[in-house]
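1. Need the 3D shape of this:
(2 chains)
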Amino acid sequence: MAQTVSRVSTPPPVRSEPRVKLPWPLSIYQTAVGKKWVMGLTGVALLGFIVVHMIGNLHLYEGPLEIHEYAETLRDLGTKIVPRTWLLWAMRIGLIAAFGLHIHSAYSLSRMSWAADQRYPGGRNYIAANFASRTMRWTGPIIGLYLFYHLADLTWGWFNPDFVRGDPYHNVSESLGSIPVAILYIVANTALAVHIFHGTWSMFQSLGVNSPRYNHLRRYLAGGLAGIILVGNLSFPIFVQAGVIDDNGRSIVEELQQHEAAEGEES
Amino acid sequence: MSSEINLTLQVWRQPGPQAEGRFVTYEAKGISTDASFLEMLDIVNERLIENGEEPIVFESDCREGICGTCGLMINGQAHGPQKSTATCQLHMRSFSDGDHIVIEPWRATSFPVLRDLAVDRRAMDAIIASGGYISVNTGAAPDANLTPVPKETADTAFDAAACIGCGACVAACPNSAAQLFTAAKVQHLNLLPQGQAQRWARTEAMVETMEEFFGSCTNHGECEEACPKDIPIDFIAWTNRDYIKAKVKNRKLAG
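-> Here you go, the predicted model:
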């Protein structure tokens, strides 16, 4: 674009050109603003999942059979069009991709910022930055590690000797019945809420959704979403510990399935 | 009400770009509260020269808050404790007798220290050179009001154009991102009719030059607080949106 101005002599660039120039639209992801945009979009997708997941888990309060029904309904989604669990798997693959991109863009942008920033030996004051915005690079990895534990615990059943596939009520009450696990869930879900508090606000900036008429609502939305998710998710370990969710070590779903199998043999 | 205060300064001294820097403590006694921060440094320098010592190097020009030349990190805050004020317009009445003041240069990898408190800000010039202008036919000045501009548009563009390019946004940013500077310089032209012809080329070029030298914005909002011209971070959001649009539009134009 510069017709009359030649390149200004500058200190050496902090960031070098990408080694391989990807074709459009992947080339957008090779820029920092493009990565922020992807981080915002994947953030919306992940946030949507977190809200739906929390609301769905409230079926725990209805009882073991109801949450089992809910879990089966998720597997049955779209069965009139595609084979069973296909739609669920499509959503899972989408979420895994979004999670991967969210992490990669965060890692790559953090490295860029670390290269560009220099410390102040005399210290730098924070005036506008809040606890949530300053701890994004801590709460993020905490959530990642927790997610792995959470899947291993309640989806794959690695850490639960009493794990019964397809009985969420039983598995949750067994797992969260242990005090260290309950504490882990409480800490990790607090980190998640803190992450969401800054992320929800920040995504409007990154995606360029900004209108002075509605800007003041962004903080309320971020606080409200983080608060709802915090209360909902913390209620599970707390109510398991309080004994509200407790199946006394019996898996009602397992008993039901055995009963049905026995009936099937008889007839 | 003018009075005199005694201060202890802890000033970053660095003889050259490659040299090792360190803090040196100076006593600044009998400073008038009517003096500006830079005048206080002038007084300290006069005393240093009288004692045969090297004066503290710092940059300044207009001393009325419109040129963007001055800029110091004062007690961990870019341009010091007073909001919406450049270092030159900060007065010693903002401090109390016996205060301890830490004075540092802007710090970012692309703002290398030249000497003491002076840093090289040419990376910001590179951003401007890559698109921070409009191209017009030379000749007689066009008639006034030839291009109609709505009042609201003019006001908003002027809010962005208030940027003096001091670099406080970079200095205050924990990521050393130059997003606020770049956004202000992009938007004051992108908002106006005169800036439309080169809008998408400008946005892409300036953002990508910025990314070569500075970090990535994480929306802390520190820049907005540090800005002596109160430029809001809304301009950053608009520039992010323009940038993605530019990536689509410029591709179409390239065929």
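2. tell me the SS of residue 139?
-> Assuming you mean chain A. helix (DSSP: H, G, I helix; E, B strand; the rest coil).
3. Report how many residues lie close to it.
-> By the measure other CB atoms under 10 Å in any protein chain shown, the count of residues near A:T139 is 22. All C-beta spots, glycine's among them, are computed from the backbone N, C-alpha and C.
4. That one touches A:N189, doesn't it?
-> No. Between A:T139 and A:N189 there is no contact under CB atoms under 8 Å: 10.9 Å.
5. separation between the residue nearest to A:L95 when sequence neighbours are not counted and B:F235?
-> Leaving out its chain neighbours, the residue that sits closest to A:L95 by CB to CB, 6 or more residues apart in numbering or on different chains is A:F49, at 5.6 Å. As judged by CB to CB, to the nearest Å, A:F49 and B:F235 stand 32 Å apart.
6. out of those two, which sits in the busier spot?
-> The residue with more neighbours, out of A:F49 and B:F235, is B:F235; 27 against 16, by other CB under 10 Å.
7. Give me the nearest residue to the more buried one, chain neighbours excluded.
-> According to CB to CB, 6+ apart, the nearest residue to B:F235 is B:A183 (4.0 Å).
8. and that neighbour, which of the three is it?
-> B:A183 - assigned by three-state DSSP - is helix.
9. List the buried residues for stretch A:90-103?
-> A:91, A:98-99, A:101-103 (16 or more other CB atoms under 10 Å in any protein chain shown).
10. now those residues as a markdown table including secondary structure?
-> As requested, the buried residues of stretch A:90-103 are arranged in a markdown table below (three-state DSSP):
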| residue | secondary structure |
| --- | --- |
| A:M91 | helix |
| A:A98 | helix |
| A:F99 | helix |
| A:L101 | helix |
| A:H102 | helix |
| A:I103 | helix |
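11. May I see these arranged in JSON lines, with pLDDT and distance to B:V136 as well?
-> As requested, the buried residues of stretch A:90-103 are exported to JSON lines (pLDDT from 0 to 100; distance: CB to CB, whole Å):
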{"residue": "A:M91", "pLDDT": "96", "distance to B:V136": "53"}
{"residue": "A:A98", "pLDDT": "98", "distance to B:V136": "46"}
{"residue": "A:F99", "pLDDT": "98", "distance to B:V136": "49"}
{"residue": "A:L101", "pLDDT": "98", "distance to B:V136": "42"}
{"residue": "A:H102", "pLDDT": "98", "distance to B:V136": "44"}
{"residue": "A:I103", "pLDDT": "98", "distance to B:V136": "47"}
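12. wait, which of those is closest to chain B?
-> Chain B lies nearest to A:H102 out of the buried residues of stretch A:90-103, by CB to the nearest CB, at 13.7 Å.
13. who's in contact with the closest one?
-> When contacts are counted by CB atoms under 8 Å, 6 or more residues apart in numbering or on different chains, A:H102 touches A:38-39, A:42-43, A:46.
14. With adjacent residues omitted, what lies nearest to the residue of chain A found nearest chain B?
-> Closest residue of chain A to chain B, CB to the nearest CB: A:G208 (2.7 Å). Excluding its sequence neighbours, the residue lying closest to A:G208 (CB to CB, 6+ apart) is B:R241, at 2.7 Å.
15. ok, back up a step: can you name the residues that contact the residue of chain A closest to chain B?
-> With contact set as CB under 8 Å, 6+ apart, A:G208 has these partners: B:237-242, B:244.
16. again, 6 Å this time
-> Taking CB atoms under 6 Å, 6 or more residues apart in numbering or on different chains as the criterion, A:G208 is in contact with B:237, B:240-241.
17. neighbour-wise, which of those residues leads?
-> Highest neighbour count within those: B:N240, with 26 neighbours (other CB under 10 Å).
18. ok, for that residue, nearest residue in space, not its chain neighbours?
-> Among residues not flanking B:N240 along the chain, A:G208 sits closest, at 4.2 Å (CB to CB, 6+ apart).
19. What pLDDT is listed against the one you found?
-> On pLDDT, A:G208 comes in at 94.
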